[in-house]
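Visitor: Give me a model of this one.
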Amino acid sequence: MNDITILRWAHQYENNPHSIKPAALRHWERPPGSTAEDMRRLRDGGFVELSSQSGNRAWYKLTKTGSDLIWSQNMEREMTKIPATSVLDAMSLIVGFDDVKERMAWVIENKEKVHFLMIGPPACAKSLFLEAVRSAVPQATIVFGSQTSASGLSDALFDNQPEFLLADELDKMRWDAYSIMLALLERGEILVTKSQKTRGIQLNTTVFAACNKSDKMPPELLSRFVQLHFPHYSREEFIDVCCGYLSRSEDCLRELAALIGRLVYDYDLGDVRTARKVYRLLKAPTEEEVHSAINFLRKYAVNGESHPKRQNINIPRLPGV
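Guide: Predicted coordinates for the structure are as follows:
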């Protein structure tokens, strides 16, 4: 364990506002994952001092030098905070969910340890939220559940020591990785034993995660999150989302985007990602090309149907654009 990690752990312990011990009595034993050699080195450097000892057990406390070092690092991190306006700008491609945007931006700016889990069907903006945070926050690290094991997650945490961890497809994460995630959410303390060697780290990481379903995830893990359930879009919402997303991300005319949204929804061809694919298939930005691209997708759809799956839907044609 490196020196700064140990000192940061000690500083958090000694200054924990929720501790029932008076500040003068918050002495501590060697942090998990540290060694006796680590403590000797910090004592020799004047960063910690021995508070008391009984047999093989020893208790320590930070010196003024050690406390000032961590305080200066915390001040430096405070000066480099990400303004909420920058986060909101990065989220401009997301249509709706203004209250979610504002809460997340506030948490990021103030570096509050509030963890969010977005739950909902594919293409309901969950991944867009994660990508927006990733683009706005240099200190963010992203992992994907289907590709993440316990060792992979712990390596990412040790190597990057992220202020923000973005976890997509959390419901697909391997079961052994959930124990690492739970420790991160609960205490910020990661302790890993490998090849009879133990290493540990104390982190102050906020987690933003996304998943399609949460029913098979450990309840003790879910309880550490603020859970945000994103519903399926209604027809009107889907068209509005397509208008906003395609016009902003693809510079698509809003009238054309609305037509694409209506046809994708009414023919049950997929989600917002499908709408983007339709636009990218167009040879020209015309209504005729939209219908041609839609018919192309319908022709090779798995169900092979030649008429709308959603019944009693009138699909008006727009004037030429």
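Visitor: contacts and neighbour counts: CA atoms only from here.
Guide: OK.
Visitor: for stretch 84-95, the distance to its chain's centre please.
Guide: 15 Å (C-alpha atoms, centre = their mean, to the nearest Å).
Visitor: likewise stretch 223-236?
Guide: 15 Å.
Visitor: Please work out which residues outside it touch it.
Guide: The contact list for stretch 223-236 (C-alpha atoms under 8 Å, 6 or more residues apart in numbering) reads 114-121, 124, 185-186, 262, 265.
Visitor: Mind checking which of those land in helices?
Guide: 185, 186, 262, 265 (DSSP state H).
Visitor: which of those residues lies closest to residue 213?
Guide: residue 185 (19.4 Å; C-alpha to C-alpha).
Visitor: Give me the nearest residue to that closest one, chain neighbours excluded.
Guide: residue 224 (6.4 Å; C-alpha to C-alpha, 6 or more residues apart in numbering).
Visitor: Doesn't the one you found lie inside a strand?
Guide: No - counting by DSSP: H, G, I helix; E, B strand; the rest coil, residue 224 is not found in a strand; it is coil.
Visitor: can you tell me which two in the contacts of stretch 223-236 are farthest apart?
Guide: Applying C-alpha to C-alpha across the contacts of stretch 223-236, the maximum distance is between 186 and 262, 44.5 Å.
Visitor: Of these two, which one has the most company?
Guide: With neighbours defined as other C-alpha atoms under 10 Å, residue 186 and residue 262 compare such that residue 262 has more, 23 against 11.
Visitor: Skip the chain neighbours and tell me the closest residue to that one.
Guide: The shortest distance from residue 262 to any non-neighbouring residue, by C-alpha to C-alpha, 6+ apart, is to residue 239 (5.9 Å).
Visitor: Kindly report the same for residue 42.
Guide: In space, residue 42 is closest to residue 48, 5.8 Å off (C-alpha to C-alpha, 6+ apart).
Visitor: quick one: average pLDDT of stretch 290-297?
Guide: For stretch 290-297, the mean pLDDT works out to 95.
Visitor: Identify each buried residue in it, please.
Guide: For stretch 290-297, a neighbour-count test (16 or more other C-alpha atoms under 10 Å) marks 290, 291, 292, 293, 294, 295, 297 as buried.
Visitor: Kindly report the same for stretch 237-247.
Guide: 238, 239, 240, 241, 242, 243, 244, 245, 246, 247.
Visitor: For residue 63, state which of these is nearest.
Guide: For the buried residues of stretch 237-247, the nearest to residue 63 is residue 245 (54.3 Å; C-alpha to C-alpha).
Visitor: right, and the closest one touches residue 92 too?
Guide: No - counting by C-alpha atoms under 8 Å, residue 245 stays clear of residue 92, with 9.2 Å between them.
Visitor: Could you tell me which residues touch both of these two?
Guide: Joint contacts of residue 245 and residue 92 (C-alpha under 8 Å, 6+ apart) do not exist.
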